[in-house]
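In: structural data only, the sequence is not supplied:
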């Protein structure tokens, strides 16, 4: 298949391009001018320079493609002005999906986030991982990133319902692994651990998944996903607390995991101070309020639907962590 990929320089996007080429597909990748394309080294693809807000450029780029993967998103937890984020994540999503529809793509895969799925609830003192049918509410969109992605997912559903576009939505959990160039917030935790800059941790939880499985899940969604449906791309045994993840890193690296847990109210107070300083300096806070507020919840999810319907691979989370450590160490992120 000939595939069009937005967000190809990002963590998931770069791994998706590598997986598509490994499986014999052609790739046209949309990249903004000056994009950091280190994650795309060593893979052959056709570069399309452009922007999500340029509809004519998108039409030219997607023309002749069989599948479209819209992975691009503005992902910042703090900005002085959030309007560009909504333009990219909401208007940009409409532009890409409508352009893919005009091009006659047989499958359009939209990359959303598990932040658009209802939060896990405590049942008899235990958190129950949520599924695709557990709907989130607008009130749960506690930061601009989640709110913009919530609106973008609504656009994707609307285009399926009203225009019949063959859109499949995928909701990755917390991917880790190679080619995390920026790195992502979860990748930064690993880098900080390796560089001994993580003296304490918050009592939170995520569903950890290998980024390669997320990339392959996108491809399986194009091959076997049902239009109008959404699929959690995670690991069935990846619901770990932050403490459990750090202990796994201790076993992998031999470095001691932090033992001190930071109370939530302390982290929240520090984030308020951090953001006050950022409003003065214009520099991003080290610990934005949005990140601390999200850490209040155990973000645990059940990917059974994607495993059952898409054959989503299930690389052990420990292997994902090990691969991430190896990549960061091999690419200059870790002090000697």
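Out: Perfect, I can see it now. Because the structure is predicted, anything quoted here is derived from the model rather than measured. Numbering: from 1, shown residues only.
In: spatially central residue in the protein, please.
Out: Centroid-nearest residue in the chain: residue 172, 5.7 Å away (criterion: CA atoms, centre = their mean).
In: is it correct that it is in contact with residue 113?
Out: Yes - using CB atoms under 8 Å, residue 172 is in contact with residue 113, at 6.9 Å. Using the backbone N, CA and C atoms, a C-beta is placed for each residue, glycine as well.
In: number of residues surrounding residue 48?
Out: 18 (other CB atoms under 10 Å).
In: what do you get for the one 5 residues further on?
Out: By other CB under 10 Å, 13 other residues sit near residue 53.
In: can you classify it as helix, strand or coil?
Out: coil (DSSP: H, G, I helix; E, B strand; the rest coil).
In: could you list the low-pLDDT ranges of the stretch 201-336 of the chain?
Out: For the stretch 201-336 of the chain, the stretches with pLDDT under 70 are 264-265, 268, 271-272, 274-275, 278-279, 282-283, 285-287, 289-296.
In: what ranges does it have for its helices?
Out: 211-224, 242-253, 264-281, 289-294, 304-310, 317-330 (DSSP state H, counting those that start in this stretch).
In: can you give me the buried ones in the helix ranked longest in the chain?
Out: Looking across the chain with DSSP state H, the single longest helix is helix 144-163. Neighbour-count burial for helix 144-163 flags 144-153, 155-156, 159-160 (criterion: 16 or more other CB atoms under 10 Å).
In: now it, how far from the chain's geometric center?
Out: 16 Å (CA atoms, centre = their mean, to the nearest Å).
In: same question for stretch 227-243.
Out: 11 Å.
In: can you give me the end-to-end span of that stretch?
Out: This stretch, stretch 227-243, spans 38 Å end to end (CA to CA, to the nearest Å).
In: ok, back up a step: tell me which of the buried residues of helix 144-163 is nearest to residue 12?
Out: Nearest to residue 12 among those is residue 149, at 13.6 Å by CB to CB.
In: and for the residue lying closest to the closest one once chain neighbours are set aside, the neighbour number?
Out: Nearest residue to residue 149 in three dimensions, chain neighbours excluded: residue 113, at 5.1 Å (CB to CB, 6 or more residues apart in numbering). Residue 113 has 18 neighbouring residues, counting by other CB under 10 Å.
In: what's the spacing between residue 113 and residue 234?
Out: Note on residue 113: its distance to residue 234, by CB to CB, to the nearest Å, is 12 Å.
In: and the residue of the chain most remote from its centre, how far from residue 243?
Out: No residue in the chain sits farther from the centre than residue 124, which is 30.7 Å out by CA atoms, centre = their mean. The spacing between residue 124 and residue 243, counted by CB to CB, is 22 Å.
In: if we can go back for a sec, where do the contact lists of residue 172 and residue 113 overlap?
Out: Counting by CB atoms under 8 Å, 6 or more residues apart in numbering, residue 172 and residue 113 have no common neighbour.
In: skip the chain neighbours and tell me the closest residue to residue 252.
Out: Closest to residue 252 by CB to CB, 6+ apart is residue 322, at 5.2 Å.
In: and residue 7, by the same measure?
Out: Per CB to CB, 6+ apart, closest to residue 7 is residue 72, 3.1 Å.
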